[in-house]
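Novice: Next one to model:
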Amino acid sequence: MAKRKNNKIKQLQASALDGDLDAQYYLGQAYSEGQGITRNLRTAFKWYTLAAEQGHENAQAYLGYSYSSGKGTKQNQHEALKWFRKSAKQGNRYSQVNLGMYYFFGIAVKQSYKNAVFWLKKTADANYPPGQFFLAICYLKGNGVRRNYKQSFQLLKKSATANFIFAQYELGCAYSFGWGVKENCTEAVRWFKKAAKAGNSKAQFRLAMCYYGGEGVRKDYKKAVYWARKSAKCSNASGQDALAVAYWFGKGVRKNYNKAVFWFKKASSGGHTASEFFIGQAYLFGWGVRKDYKKAFVSFKRAAEFGDDDSQTYLGVFYHDGIVIPKNYKRAFHWWRLAAQNNSMAQYYLGMSYLYGHGIQKSKRLAQLWLTKAAENGEKHAKTELARLANA
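Specialist: Alright, predicted model coming up:
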């Protein structure tokens with residue numbers, strides 16, 4: 001068997017040296033994938049270049065990929081664009097999609113959604129699943145075309161049915177949120193499952209949420225944890241946060257603050273800033289970590305600046321009471337005012353600020369207004385304070 005492979009490689013090398021374009025291209029593939037010969041990306045790049053310069057569209061496509069990824073040669077997006085364009089003009093679907101993406105994101109060329117759509121339409125019309133998917137996203141977002149949810153849905157369905165994983169995930173989202181189709185949580189779960197089983201971390205996270213909430217499937221915390229863990233281990237920040245929440249509240253897994261904090265920190269470092277609220281609580285109360293008010297303050301501030309109303313409320317308390325920082329009633333009032341739109345505790349603190357003139361001019365009327373809002377939202381301290389004011 002090994003002798004046959006060696007003979008094939010020798011024949012391929014001989015034909016390539018004689019100038020056979022297909023042989024040069026296939027020899028490049030052999031070196032690129034290590035088929036019958038030791039893998040050598042630089043040598044693969046050399047043979048792709050020889051074939052590409054003589055007009056071989058597939059070799060041009062691979063050359064574009066080589067320059068784009070920096071495999072076998074130094075990364076050069078301008079060169080990648082050049083070879084993708086040459087190959088795309090010859091009808092290569094892979095290159096047409098890549099050229100479309102270069103225009104979409106403005107890589108080595110001026111961003112142009114219209115040019116992106118032009119190339120993506122060529123591939124979609126030829127029933128090329130990746131092209132159908134990316135064109136569907138253009139219709140979904142209204143990039144380069146008028147927004148059209150139904151058109152987006154139809155393209156996603158075609159691409160997903162052809163087993164394009166990214167399309168399967170987005171099709172699940174379409175069914176979940178009613179983009180171009182009637183909301184159908186059962187269908188959403190079906191497509192999330194397909195993509196999740198194929199390794200898509202976003203789909204794994206969404207599937208976990210479906211099991212947590214019982215949307216389109218029977219509520220099952222253990223299965224939710226299973227998929228959240230899969231997503232988390234793929235470095236998906238949302239999946240890491242979901243797994244952390246499971247450990248924090250003990251849903252589907254034994255409560256473990258240490259593990260919760262570990263995954264919250266992972267999620268935060270991956271860009272899931274809302275996780276900082278739980279990290280702040282952990283340091284504030286010593287849950288899973290040693291109490292550290294300074295670290296709690298830092299975490300609450302990060303989440304507060306991101307817009308988390310619970311963190312904004314805690315941050316106001318830190319400023320009001322002078323915890324690890326000098327007292328500052330105005331800063332406390334600032335954060336409570338931001339949080340008060342949705343947070344009953346912040347509404348209570350805001351009312352008390354107006355009542356005692358902390359960080360703002362005293363106003364009994366405004367104090368009663370905010371205390372009433374807090375009380376209506378179930379804040380017991382506000383009810384007690386209103387009763388006291390009524391009897392004063």
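Novice: What pLDDT is listed against Gly19?
Specialist: pLDDT recorded at Gly19 is 93.
Novice: actually Thr186, not the one I wrote
Specialist: pLDDT, read off for Thr186, is 98.
Novice: For Ile279, see how far away Phe134 is.
Specialist: Distance from Phe134 to Ile279, counting by CB to CB, to the nearest Å: 37 Å. (Each C-beta comes from the backbone N, C-alpha and C, glycine too.)
Novice: ok, residues contacting the helix or strand hosting Ile137?
Specialist: Per DSSP states H and E: Ile137 is located in helix 129-141. Here helix 129-141 makes contact (CB atoms under 8 Å, 6 or more residues apart in numbering) with 93-94, 96-97, 100-101, 104, 113, 116-117, 120-124, 143-145, 147-149, 151-153, 155-156, 158-159, 162-164, 166-167, 170, 179.
Novice: Counting by contacts, list what the one helix or strand in the chain whose mean pLDDT sits lowest packs against.
Specialist: Sorting the helices and strands of the chain by mean pLDDT, DSSP states H and E puts helix 2-17 at the bottom, at a mean of 80. On a contact count with 3 or more CB pairs under 8 Å, 6 or more residues apart in numbering; DSSP states H and E, helix 2-17 meets helix 21-33.
Novice: residue contacts, Gly316?
Specialist: Arg331, Ala332, Phe333, His334, Trp335, Trp336, Ala339, Ala346, Tyr349.
Novice: from these, which two are the most distant?
Specialist: Arg331 and Ala346 (13.7 Å; CB to CB).
Novice: more crowded one of the two?
Specialist: Neighbours were counted for Arg331 and for Ala346 using other CB atoms under 10 Å; Ala346 has more, 26 against 17.
Novice: Excluding covalently adjacent residues, which one is nearest to the more buried one?
Specialist: Nearest non-adjacent residue to Ala346, counting by CB to CB, 6 or more residues apart in numbering: Ala339, 3.5 Å away.
Novice: pLDDT score for the one you found?
Specialist: Reported pLDDT for Ala339: 98.
Novice: about what we covered before: run the chain-centre distance for the helix holding Ile137.
Specialist: 17 Å (CA atoms, centre = their mean, to the nearest Å).
Novice: If you count neighbours, what's buried in that helix?
Specialist: Pro129, Pro130, Gly131, Gln132, Phe133, Phe134, Leu135, Ala136, Ile137, Cys138, Tyr139, Leu140 (16 or more other CB atoms under 10 Å).
Novice: Make JSON lines from the residues you listed and add distance to Gly213 and pLDDT to it.
Specialist: Output for the buried residues of helix 129-141, formatted as JSON lines (distance: CB to CB, whole Å; pLDDT from 0 to 100):
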{"residue": "Pro129", "distance to Gly213": "30", "pLDDT": "98"}
{"residue": "Pro130", "distance to Gly213": "31", "pLDDT": "98"}
{"residue": "Gly131", "distance to Gly213": "34", "pLDDT": "98"}
{"residue": "Gln132", "distance to Gly213": "30", "pLDDT": "98"}
{"residue": "Phe133", "distance to Gly213": "27", "pLDDT": "98"}
{"residue": "Phe134", "distance to Gly213": "30", "pLDDT": "98"}
{"residue": "Leu135", "distance to Gly213": "31", "pLDDT": "98"}
{"residue": "Ala136", "distance to Gly213": "26", "pLDDT": "98"}
{"residue": "Ile137", "distance to Gly213": "26", "pLDDT": "98"}
{"residue": "Cys138", "distance to Gly213": "30", "pLDDT": "98"}
{"residue": "Tyr139", "distance to Gly213": "28", "pLDDT": "98"}
{"residue": "Leu140", "distance to Gly213": "24", "pLDDT": "98"}
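Novice: out of those residues, who's nearest Gln368?
Specialist: The closest of those, once distances to Gln368 are taken by CB to CB, is Leu140, at 47.3 Å.
Novice: ok, now how distant is that closest one from Glu57?
Specialist: For Leu140 relative to Glu57 (CB to CB), the value is 30 Å.
Novice: that older thread, quick check: next helix or strand after the helix holding Ile137?
Specialist: That would be, after helix 129-141 and using DSSP H and E, helix 149-161.
Novice: what's that following helix packed up against?
Specialist: Taking 3+ CB pairs under 8 Å, 6+ apart as the contact cut, helix 149-161 packs with helix 129-141, helix 165-177.
Novice: Including distance to Phe297, could those go into CSV?
Specialist: Listed next are these as CSV, based on distance: least, CB to CB, whole Å:
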stretch, distance to Phe297
helix 129-141, 38
helix 165-177, 37
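Novice: could you pull out the strands for the chain?
Specialist: With DSSP state E as the criterion, the chain has no strands.
Novice: re the thing from before, specify the angle between the least confident helix or strand of the chain and helix 21-33 in degrees.
Specialist: With axes from the mean of the first three to the mean of the last three CA atoms, to 10 degrees applied, the angle from helix 2-17 to helix 21-33 works out at 130 degrees.
Novice: Dump helix 2-17 to CSV, keeping only the CA atoms.
Specialist: This file holds the C-alpha atoms of helix 2-17, laid out as CSV (Å, rounded to 0.1, in the frame of the first residue of the first chain):
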residue,chain,number,x,y,z
ALA,A,2,2.8,2.4,0.9
LYS,A,3,4.6,1.5,-2.4
ARG,A,4,1.5,2.4,-4.3
LYS,A,5,1.2,5.8,-2.6
ASN,A,6,4.9,6.5,-3.2
ASN,A,7,4.5,5.6,-6.9
LYS,A,8,1.5,7.9,-7.1
ILE,A,9,3.4,10.8,-5.5
LYS,A,10,6.4,10.2,-7.8
GLN,A,11,4.1,10.2,-10.9
LEU,A,12,2.4,13.4,-9.6
GLN,A,13,5.8,15.0,-9.0
ALA,A,14,7.0,14.1,-12.5
SER,A,15,3.8,15.5,-14.2
ALA,A,16,4.1,18.6,-12.0
LEU,A,17,7.6,19.2,-13.1
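Novice: how about that helix: buried residues?
Specialist: For helix 2-17, by 16+ other CB under 10 Å, it's Ile9, Leu12, Gln13, Ser15, Ala16.
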